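# need a structure here:
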Amino acid sequence: MPSNKNFTLGALALAAMLPLHAARAMTGPTAIKIDGGPLGPLELSGGADGMFYGLTGTQRYGDSNGLGAPGTTNAGPKATGAELLNGLIELQKTTGILQATLEVGSTNFLYLGMAPTQSSIQSYSTGPLYAGYITLAPTGLPVTISVGQMTGLEGYESSQDYNNFNIFLSQAPYDETGQGRGVTLTYAAGPVNASVFFCDGYDTGVFNSLQALFAYTINSTNSINFYYGGNLGRTGLNANTYGSGALPYDASHVGMAPEFANSQMVGVYYEYTAGNLTLVPEVQYQYAKADSAVSIHHGMGNFVAVVLADYDFGSSPYSVGAWAEYFNQHESAADAQNGTYWFYGPNASGEAVSITPTWQHKDLFMRADLGALLLNQTSAYGLSRYGYGNQHKDAFQLSGLLEAGLVF
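The predicted model follows:
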């Protein structure tokens with residue numbers, strides 16, 4: 001984690017119980033202090049941002065020649081537009097044996113190569129409740145316990161764009177659980193920080209998933225993090241991911257994509273800092289075994305390798321973030337014909353880059369992001385193409401956006 005960087009709305013809350021494992025892009029002002037009376041001191045923080053975007057390779061919705069995700073398109077029908085990204089308010093109690101976090105609002109997710117979506121208060125089954133949990137932090141002990149809805153342990157990138165080096169997310173967080181309801185146990189002593197999280201993976205309401213994170217701080221400039229997330233049993237087709245059918249979602253199934261909720265994930269990321277530069281290489285692999293009960297005919301695998309970087313120009317208001325990734329996924333013909341695949345389309349692989357310059361003055365910030373994605377193929381098993389453009393044959397897509405917002 002970039003320990004010398006940058007405020008996130010969730011960072012203070014997670015500090016009491018979790019290793020700080022989400023990328024952060026900006027410096028935030030001190031949260032507003034509130035006298036909570038018998039509750040003790042409270043902290044109020046928040047943020048909001050919106051964007052204008054433009055992209056190539058758009059497609060018509062309802063075109064039966066497409067096989068992309070979500071539905072039948074990748075880029076969507078609109079080449080330009082404007083959207084609210086996030087609007088969140090957080091109230092925290094971060095002192096004492098009993099601590100608490102409440103965060104509510106509207107959220108959005110921007111994955112490079114995918115159609116921009118509207119910000120929603122229904123991103124999770126808890127509606128506008130993004131996070132809500134209590135933490136037991138016994139004095140003098142290296143262990144904390146938290147119960148409620150909170151951020152998962154998988155991966156480096158955050159689901160909130162202004163917490164990351166870049167506005168566009170790589171494919172890695174698309175595959176991860178994100179928020180979940182459950183119980184987290186954390187141990188932190190010296191260079192070691194370890195957490196386990198028993199939860200309802202992918203917001204299914206089925207409590208059969210386990211996540212784990214082991215972080216080791218080598219020295220002031222180097223740290224390594226290993227993570228795991230997996231289903232301990234089976235999540236059936238009647239379960240629903242992310243309440244309203246938000247990503248990851250496969251419209252060909254009752255309410256969810258079974259390969260996500262019934263998968264096993266392992267990953268590792270290494271953080272290196274040198275002055276104003278932060279480098280984070282990450283490797284992630286996800287596997288779903290064959291299980292006819294959930295319509296997975298053959299084993300399916302998904303590999304992502306990404307290198308993230310951020311450079312802060314000292315005392316100036318400018319910084320620049322970037323990432324480059326390679327992804328490679330595998331599905332059988334039977335699963336592909338059933339609409340079961342990981343991301344862009346069956347057996348998709350490719351390369352992508354994203355570059356984000358950032359300007360911030362106190363509470364206000366502005367950013368731009370230019371991203372490019374190249375698919376190594378646009379069809380598999382003789383099925384309809386899932387590439388870009390109205391003919392779904394284009395392998396290249398270019399996306400750009402301008403963002404403005406504030407944090408407090």
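
# got any ranges where the chain has weak pLDDT?
Of all residues in the chain, those with pLDDT under 70 make up the ranges 1-24, 29, 61-73, 242-256.

# any chance you could map the helices in it?
Here the chain has its helices, by DSSP state H, at 11-15, 171-175, 242-245, 258-261, 333-337.

# And residue 298, how far from residue 335?
Note on residue 298: its distance to residue 335, by C-beta to C-beta, to the nearest Å, is 6 Å. Every C-beta, even on glycine, is put in place using the N, C-alpha and C of the backbone.

# Between the two, which is the more surrounded one?
residue 335 (23 against 14; other C-beta atoms under 10 Å).

# Spatially nearest residue to residue 133, not counting backbone neighbours?
residue 148 (2.7 Å; C-beta to C-beta, 6 or more residues apart in numbering).

# go on, residue 337?
Residue 337's closest residue in space is residue 383 (C-beta to C-beta, 6+ apart), at 6.7 Å.

# Pretty sure that neighbour sits against residue 336.
Yes: with contact defined as C-beta atoms under 8 Å, residue 383 reaches residue 336; the gap is 6.0 Å.

# Pull up the overlap in contacts between those two.
Residues touching both residue 383 and residue 336 by C-beta atoms under 8 Å, 6 or more residues apart in numbering: residue 346.

# So between the two, which is more surrounded?
Each of residue 383 and residue 336 has its neighbours counted (other C-beta under 10 Å); residue 336 has more, 22 against 16.

# State the distance from that one to residue 388.
19 Å.

# Same question for residue 150.
Between residue 150 and residue 388 the computed distance is 36 Å (C-beta to C-beta).

# Starting from residue 402, give me the distance back to residue 272.
Residue 272 sits at a distance of 30 Å from residue 402 (criterion: C-beta to C-beta).

# Same check on residue 167?
Plainly put, residue 167 is 10 Å away from residue 402 if you go by C-beta to C-beta.

# Now the common contact residues for those two.
Any residue near both residue 167 and residue 402 by C-beta under 8 Å, 6+ apart counts here, and that gives 51, 367.

# And the two? Which one has more around it.
More crowded of residue 167 and residue 402, by other C-beta under 10 Å: residue 167, with 27 against 15.

# How many neighbouring residues does the closest residue in space to that one that isn't next to it in sequence have?
For residue 167, ignoring the flanking residues on the chain, the nearest one in space by C-beta to C-beta, 6+ apart is residue 369 at 4.1 Å. Applying other C-beta under 10 Å, we find 24 residues neighbouring residue 369.
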